[in-house]
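> pasted the sequence and its predicted model underneath.
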Amino acid sequence: MVERFLRTTTFTSVDDYNKNLEFIIPENFNFGYDVMDVWAAEHPDKQAMLWTNEHGAEVRLTFADMKQRSDQAAAYLQQLGIGRGDMVMLILKRRLEWWISMLALHKLGAVAIPATHMLTKKDIIYRNERASVKAIICVDDAYVLSQITEALPESPTVQSVIVVGPDAAKHCPVQEGFFHSWNDEIATAPAFQRPAHVNTNDDIMLLYFTSGTSGEPKMVAHDFLYPLGHLTTGVYWHNLKDHSIHLTVADTGWGKAVWGKIYGQWIAGACLFVYDHEKFNADALLHQIEKYRITSFCAPPTIYRFMIREDLSRFDLSSLEYCTTAGEALNSAVYDKFLELTGIKLMEGFGQTETSMTLGTMPWMTPKPGSMGIPNAQYDIALMKPDGSFCEEGEKGEIVISLKNGKPLGLCKFYYRDEEQTRKTWRDGYYHTGDVAWRDEDGYYWFEGRIDDVIKSSGYRIGPFEVESALMTHPAVVECAITGVPDEIRGMVVKATIVLGKEWKDKAGDDLVKELQQHVKRVTAPYKYPRIIEFVDELPKTISGKIRRKEIREKDNQK
């Protein structure tokens, strides 16, 4: 499959990859037809998905099964009036139907809007209004359906709600013409007929609402070529092979789901492993890896932090061949401990909801713990200072992507219906990520934080991540967030908001504060130590799991 879309498919070094990565771009590319249906035609019995849940259910699907089910779903949705360009929101947790719906919507030329099940009535109204959502496909969850039902009187564009699961009628009135039961109705759908004109490469295929660490969420619009942008994610960063069984830990409402749970992985021909569960538990996840002999694993650093606190000697993890991480910066302490316990090096990657993987540590590279790696060759990346000049080695600047040769494969089109934000982000020939990093002498990039998160104290510029990295090497710290607090003398001082391990919680006090401060002074430059430390039970986070430092700052300013 890969050779259909790349001139060269095998790379052995950074130089080789940078010089020879060249995509073959089909006309009117559609992932549903040009990848999934091709697999189904050429290798119908090849396993595409292994789905399990916390109750012991198990479903195994081949590529032929995926074609049959996605065609059936496309016919069903078509019957409900969904077609090219229509906006459809998916709130399906990790249910199998998320993948079926995504493929079906692609085949219809409709726009998929993945969303988390944690949305409130207000969130749903906002999304329905901003995107002119025509239909919602959701799980038969009492909370989800209550929020959708309450939002509907203020959502005039919504014409139908399709409920997935056996308890659809239990949680909402299944009304003909508006509320529909997927399970009851899909079997009667007619045979699918592919539309005459499905899409162009430039059409919007996917719409994501960003997590909104500041301000209201923006709508990130990706075109139909976006899945090809993740070819490098699955084939090279994840290093997937024909035999791979790959698990990415991510809710289907997050952008990380399309990074690791569908596009690049199926282009590579890997089998997707899905573990459908309500609440994360490291022990349960490790049992799944052991039981189903997972070979490739990707998760945010937070997941690895919880995993290494388990007794890994209780699990047979010998099937694991390759592990990757993204979603937030990786602390070197987590890297070192995971390597010690498993013998596996964590390969870090970086990108945004607006992009595919922009920086990464590829198989032919030696990872540097805590580094995001080097620029992915499909992007022309630089570090820019506030005055528009470019950074030398060791200088901190904003990560920007050049647009001199047009929009690179994997970058979104624009912020949908938001010309002002689009102009602010796409300007002067560059896409501005808003993320700050520095580059070392080997070309590796090191994350510092968001532009708004950088702390200026006594003339020093302090990135939150460098202090967080130091704190995370102390055994008491499970999670932490670094912010700046206004100070009359220094301008700002560093504050650490810390979640302690359960065995340390009864030690929270002045002695532990001093111990942590001295620890930071030893591990990193003394001027970076947190002068203020607050212990909390949990950190404020967005619905996609990112720490909301802005919320911490706002609470401090109100005191």
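Nice, I can see it.

> how many neighbours does the nearest residue to H277 once chain neighbours are set aside have?
Counting by Cβ to Cβ, 6 or more residues apart in numbering, the nearest residue to H277 once its immediate chain neighbours are dropped is E54, at 4.3 Å. Bear in mind the C-beta positions are built from the backbone N, C-alpha and C, glycine included. When neighbours are counted by other Cβ atoms under 10 Å, E54 registers 13.

> again with S389
10.

> please report how far it lies from D428.
Here the criterion is Cβ to Cβ, to the nearest Å. By it, S389 lies 12 Å from D428.

> next: M87.
Using Cβ to Cβ, M87 is found at 32 Å from D428.

> same drill for the two, tell me which one is more crowded.
Neighbour comparison, M87 and D428: the larger count goes to M87, with 24 against 9 (by other Cβ under 10 Å).

> quick check, pLDDT for that one.
The predicted local confidence for M87 comes out at a pLDDT of 98.

> check K170 too.
For K170, the model assigns a pLDDT of 69.

> hey, where'd the strands end up in the stretch 301-450 of the chain?
Secondary structure of the stretch 301-450 of the chain (DSSP state E, counting those that start in this stretch): strands located at 322-325, 346-351, 357-360, 371-375, 381-384, 396-402, 414-415, 426-427, 430-439, 445-450.

> list of residues touching whichever strand or helix holds F273?
With the criterion set as DSSP states H and E, the secondary-structure element containing F273 is strand 271-276. Strand 271-276 is touched from outside by 47-54, 93-96, 99, 244-247, 261-262, 265-266, 285, 288, 292, 294, with contacts defined as Cβ atoms under 8 Å, 6 or more residues apart in numbering.

> and stretch 284-299, by the same measure?
Residues from elsewhere that reach stretch 284-299 (Cβ under 8 Å, 6+ apart): 50, 52, 54, 238-241, 243-249, 260, 270, 273, 275, 277, 303, 307, 310, 312, 314-317, 319-327.

> now intersect the residues you listed with the helices, please.
Secondary structure defined by DSSP state H assigns 260, 303, 307 of the contacts of stretch 284-299 to helices.

> okay, those residues in CSV with pLDDT next?
What follows is those, written out as CSV (pLDDT from 0 to 100):
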residue, pLDDT
G260, 96
I303, 88
M307, 92
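
> pLDDT below threshold where in the stretch 351-500 of the chain?
Low-confidence segments of the stretch 351-500 of the chain, defined by pLDDT under 70: 459.

> ranges for the helices of it?
Along the stretch 351-500 of the chain, the segments classed as helices by DSSP state H, counting those that start in this stretch run 419-425, 464-472.

> please name whichever of the ones you listed is nearest to Q159.
Closest approach to Q159 among those is made by helix 419-425 (27.5 Å; Cβ to Cβ).

> helices or strands up against that closest one?
Applying 3 or more Cβ pairs under 8 Å, 6 or more residues apart in numbering; DSSP states H and E, one finds that helix 419-425 contacts strand 414-415, strand 430-439.

> okay, that helix in PDB with CA atoms only?
Provided in PDB are the C-alpha atoms of helix 419-425 (Å, rounded to 0.1, in the frame of the first residue of the first chain):
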ATOM      1  CA  GLU A 419     -10.800  34.600   9.200                       C
ATOM      2  CA  GLU A 420      -9.300  36.700  11.900                       C
ATOM      3  CA  GLN A 421      -7.600  33.800  13.700                       C
ATOM      4  CA  THR A 422      -6.600  32.300  10.400                       C
ATOM      5  CA  ARG A 423      -4.800  35.600   9.400                       C
ATOM      6  CA  LYS A 424      -3.100  35.700  12.800                       C
ATOM      7  CA  THR A 425      -1.800  32.100  12.500                       C
END
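
> I'd like the numbering to begin with 284 instead of 1 from here.
Noted, 284 is the first residue going forward, which turns the last one into helix 702-708.

> list the contacts of it.
When contacts are defined by Cβ under 8 Å, 6+ apart, helix 702-708 is touched by residues 501, 697-698, 714-715, 717.

> buried stuff in that helix?
Applying a neighbour-count criterion of 16 or more other Cβ atoms under 10 Å, one finds 705, 708 buried in helix 702-708.

> what of stretch 285-299?
Buried positions in stretch 285-299, judged by neighbour count with 16+ other Cβ under 10 Å: 288-289, 294, 297.
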